[in-house]
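Asker: Can you look at this prediction? I've put the sequence above it.
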Amino acid sequence: MKKVWLIAYKDFLYTLKDKTVLVWLFVMPLVFFAFIGTTTQGFGGGSGTVSTLAVWYEGDQEDPVFKQIRHRLEAEDYALRIFSPAQPLYKEKWSFDNYDRQLWVPQNLQVQMAAGAEIEMQYVIDSDGMGGDYHQFKINKAIYQTLGDLLVLKKIQPENWQNFEFQVTNEIPRLISLDVSEAGEQREIPSGFKQAVPGILVMFIMMIALTSGALALFLERKTGVLKRLSAAPISRSQLIFGKWVGKWMLATCQLIYGMIMGALLFKIHWGEHWLMIFVLLFSWAATCAGFAVLMGSLAKNEGQVNGIPVIVSMFLAALGGCWWPIEVAPEWMQKLAVFLPTGWVMDALHKLMYFGGGIQDVINHQLALYTLAVVALYFAFTKFNHEVK
């Protein structure tokens, strides 16, 4: 066993000497966390989530048109922060410029609307991707609903509509009703960093093992290092186990670093089952390490080691739900994810972190990963080569 640990330790340190490995191990995950997390804000829908909206308004707070716009915005789950020269701070701390979502509303709305003048409103949503589009849609919806309320008011009060008694329109019974009933436990589909950090971590554990881990083994075959080791008092099984454990240590280093940085920099709460999450990802790292040894043994040139693992990692990550919540994907993708190892891991993570699941709910996922790890290790043993032929 000492020989296995010695080979694993040396293999781990040898891989870390490559500066490219260090960049992909410690820098690129943070870049992907930030990029994917920012661009997928609101991807899960966000229904029922209250968001803040800073409103700059210098007019009369009792203006009926302004009050109706407030009513419609609050109905879209916005917590409004009203600012003006007389009220430059909120709670004596935050200013209008501190907010990512800003809306400028002109004053004298009642007078301008009664005169039929054109009214221009401006807003800024400092959020790219689907999150920004989602808030843009909600603000437009609130404003156009206010215009719709005005048209209704003109119809039911044609002679005194300029009083802008929007309370009348708000109390009109809706012709279309929606019956809502419980269909099971409500699930808040994760989006933004909640989805990106665990998902990208799963992808990088796979990628760092299948690329850097496999490449290191291939180069040892190419340079004759493994052939010389075969002449040492080390058995074939000890050598393979040592290489596997070394790749496993590399992927585990990625795992620990990703979980810590996710909590510190991106405020990810791994939940009460964080230890089970670590065990789950630890077994995923073992699986990837086994396939890394297999890939390093089968590759005939560096192009195969650098190209195939990246394509496979991206493919499995996309279809398994690492880039976006698989719950919002088309039905065919959700069915396909059941047969993919990335789909098993992401489904287990969502259950443990966001859907209220317990350890008993992810036992099958864990057993499937153990089985896949054994399969990967079996093929690594049967296909292991000491040299490039």
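Answerer: Great, that's in hand.
Asker: C-alpha from now on. contacts and neighbour counts both.
Answerer: Noted.
Asker: any residues touching stretch 156-163, and which ones?
Answerer: 110, 114, 153, 154 (C-alpha atoms under 8 Å, 6 or more residues apart in numbering).
Asker: can you redo those as JSON lines with pLDDT?
Answerer: Shown next, in JSON lines, are those (pLDDT from 0 to 100):
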{"residue": "110", "pLDDT": "89"}
{"residue": "114", "pLDDT": "88"}
{"residue": "153", "pLDDT": "87"}
{"residue": "154", "pLDDT": "89"}
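Asker: Show the subsequent helix or strand relative to whichever helix or strand residue 131 is part of.
Answerer: Per DSSP states H and E, residue 131 falls inside helix 129-156. Once helix 129-156 ends, the next helix or strand along the chain (criterion: DSSP H and E) is helix 166-170.
Asker: What are the buried residues along that next one?
Answerer: 166, 169 (16 or more other C-alpha atoms under 10 Å).
Asker: Now it: average pLDDT?
Answerer: The average pLDDT within helix 166-170 is 87.
Asker: by contact count, what packs against that helix?
Answerer: Identification of packing neighbours for helix 166-170 by 3 or more C-alpha pairs under 8 Å, 6 or more residues apart in numbering; DSSP states H and E yields helix 129-156.
Asker: buried set for the helix it packs on?
Answerer: Buried, per 16+ other C-alpha under 10 Å, within helix 129-156: 130-132, 134-136, 138-139, 142-143, 145-146, 149-150, 152-153.
Asker: Flag whichever of the residues you listed scores worst on pLDDT.
Answerer: pLDDT is lowest at residue 130 among these; the value there is 65.
Asker: The protein: strands as residue ranges?
Answerer: With DSSP state E as the criterion, the chain has strands at 51-57, 78-83, 89-90, 94-95, 101-105, 122-125.
Asker: strand partners of the third one, parallel vs antiparallel please.
Answerer: I take that to be strand 89-90. Sheet partners assigned to strand 89-90 using DSSP bridges are listed as strand 94-95 (antiparallel).
Asker: can you check the fifth one too?
Answerer: Paired neighbours of strand 101-105 in the sheet (DSSP bridges): strand 51-57 (parallel), strand 122-125 (antiparallel).
Asker: Please list the outside residues in contact with the longest one.
Answerer: Looking back up the chat, that one is strand 51-57. Against strand 51-57 from outside (C-alpha under 8 Å, 6+ apart): 77-84, 96, 99, 101-107.
Asker: what sits against residue 385?
Answerer: Residue 385 neighbours (C-alpha under 8 Å, 6+ apart): 221, 297, 298.
Asker: with the buried residues of helix 129-156 in mind, which one is nearest to residue 310?
Answerer: Nearest to residue 310 among the buried residues of helix 129-156: residue 130, at 26.4 Å, using C-alpha to C-alpha.
Asker: Just give me the neighbour total for the closest residue to residue 16 other than its chain neighbours.
Answerer: Residue nearest to residue 16 in three dimensions, not counting chain neighbours: residue 22, with 6.4 Å by C-alpha to C-alpha, 6 or more residues apart in numbering. Look at residue 22: counted by other C-alpha atoms under 10 Å, it has 14 neighbours.
Asker: likewise residue 248?
Answerer: Other residues close to residue 248 by other C-alpha under 10 Å number 27.
Asker: And residue 63, by the same measure?
Answerer: 15.
Asker: ok, and the closest non-adjacent residue to it?
Answerer: Using C-alpha to C-alpha, 6+ apart, the closest residue to residue 63 is residue 110 (6.4 Å).
Asker: Residue 136 now?
Answerer: residue 125 (7.1 Å).
Asker: Now do the contacts for that neighbour.
Answerer: By C-alpha under 8 Å, 6+ apart, residue 125 lies in contact with 100, 101, 102, 132, 135, 136.
Asker: switch the cut-off to 10 Å
Answerer: Residues near residue 125 by C-alpha atoms under 10 Å, 6 or more residues apart in numbering: 53, 99, 100, 101, 102, 103, 131, 132, 133, 134, 135, 136.
Asker: Output the residues you listed in TSV, with distance to residue 120 appended to each entry.
Answerer: Below are the contacts of residue 125 laid out as TSV (distance: C-alpha to C-alpha, whole Å):
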residue	distance to residue 120
53	18
99	21
100	20
101	17
102	15
103	11
131	24
132	20
133	20
134	21
135	18
136	16
